[in-house]
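> Okay, structure incoming, though there's no sequence with it:
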């Protein structure tokens, strides 16, 4: 070889013998797939940046909330040229101090948000969290108790 570890085959290789540019492309695809999965899994934690502003309007569980990206995440997400944050994000938590902040933020693509937004209106959070089922069980237990008392 020529001493750069590529064995004379033309491309830079990592220690496992995989071409580095292929590995980076593969990693980029893996990160994109992970971001898509986060978007679907946290669809109730979507937020859209306000026009020409770095505030976000949340959707889902916190539908009418306007919040800012927490300073600990804002710098890493901001566009180098415009300073604006991504148009759409998914957040993990909403923290209220002097102002409401979103933390644990992941940039998502607008088309991903468009795919999950229609489903948000159909979600019954109470049922998903067991609330409706617990109420049904409570009602069923009351009916059983009433039937037993009538016997």
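Sure thing, it's come through. No experiment lies behind these values; they were computed from the predicted model shown.

> Packing partners of the longest helix seen in the chain?
Across the chain, the longest stretch assigned as helix under DSSP state H is helix 20-41. Contacts defined by 3 or more CB pairs under 8 Å, 6 or more residues apart in numbering; DSSP states H and E place helix 20-41 against strand 106-108, helix 110-120. The C-beta positions use only the backbone N, C-alpha and C, and glycine is treated the same way.

> Could you provide the ones you listed in a markdown table, with additional columns for mean neighbour count and distance to residue 26?
Output for the helices and strands packed on helix 20-41, formatted as a markdown table (neighbours: other CB atoms under 10 Å; distance: least, CB to CB, whole Å):
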| stretch | mean neighbour count | distance to residue 26 |
| --- | --- | --- |
| strand 106-108 | 19 | 20 |
| helix 110-120 | 14 | 20 |
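
> Comparing these, which yields the minimum mean pLDDT?
In terms of mean pLDDT, the lowest-scoring of those is helix 110-120 (a mean of 86).

> neighbouring contacts of that helix?
35, 36, 39, 40, 43, 44, 46, 48, 59, 60, 87, 88 (CB atoms under 8 Å, 6 or more residues apart in numbering).

> So among those, where is pLDDT lowest?
When the contacts of helix 110-120 are compared, residue 60 shows the smallest pLDDT, 69.

> Break this structure into its domains for me.
Here the domain assignment for the chain is 1-41, 43-120, 124-151, based on automatic domain parsing.

> what mean pLDDT does the shortest one have?
Taken as a whole, domain 124-151 has an average pLDDT of 58.

> residue ranges for the helices of the protein, please.
Along the chain, the segments classed as helices by DSSP H run 20-41, 71-77, 110-120, 125-128, 131-150.

> that older thread, as JSON lines, the contacts of helix 110-120 with neighbour count and distance to residue 98 would be great.
Formatted as JSON lines, the contacts of helix 110-120 follow (neighbours: other CB atoms under 10 Å; distance: CB to CB, whole Å):
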{"residue": "35", "neighbour count": "15", "distance to residue 98": "30"}
{"residue": "36", "neighbour count": "15", "distance to residue 98": "34"}
{"residue": "39", "neighbour count": "22", "distance to residue 98": "29"}
{"residue": "40", "neighbour count": "13", "distance to residue 98": "33"}
{"residue": "43", "neighbour count": "20", "distance to residue 98": "29"}
{"residue": "44", "neighbour count": "18", "distance to residue 98": "25"}
{"residue": "46", "neighbour count": "24", "distance to residue 98": "24"}
{"residue": "48", "neighbour count": "16", "distance to residue 98": "23"}
{"residue": "59", "neighbour count": "20", "distance to residue 98": "23"}
{"residue": "60", "neighbour count": "18", "distance to residue 98": "24"}
{"residue": "87", "neighbour count": "16", "distance to residue 98": "26"}
{"residue": "88", "neighbour count": "22", "distance to residue 98": "26"}
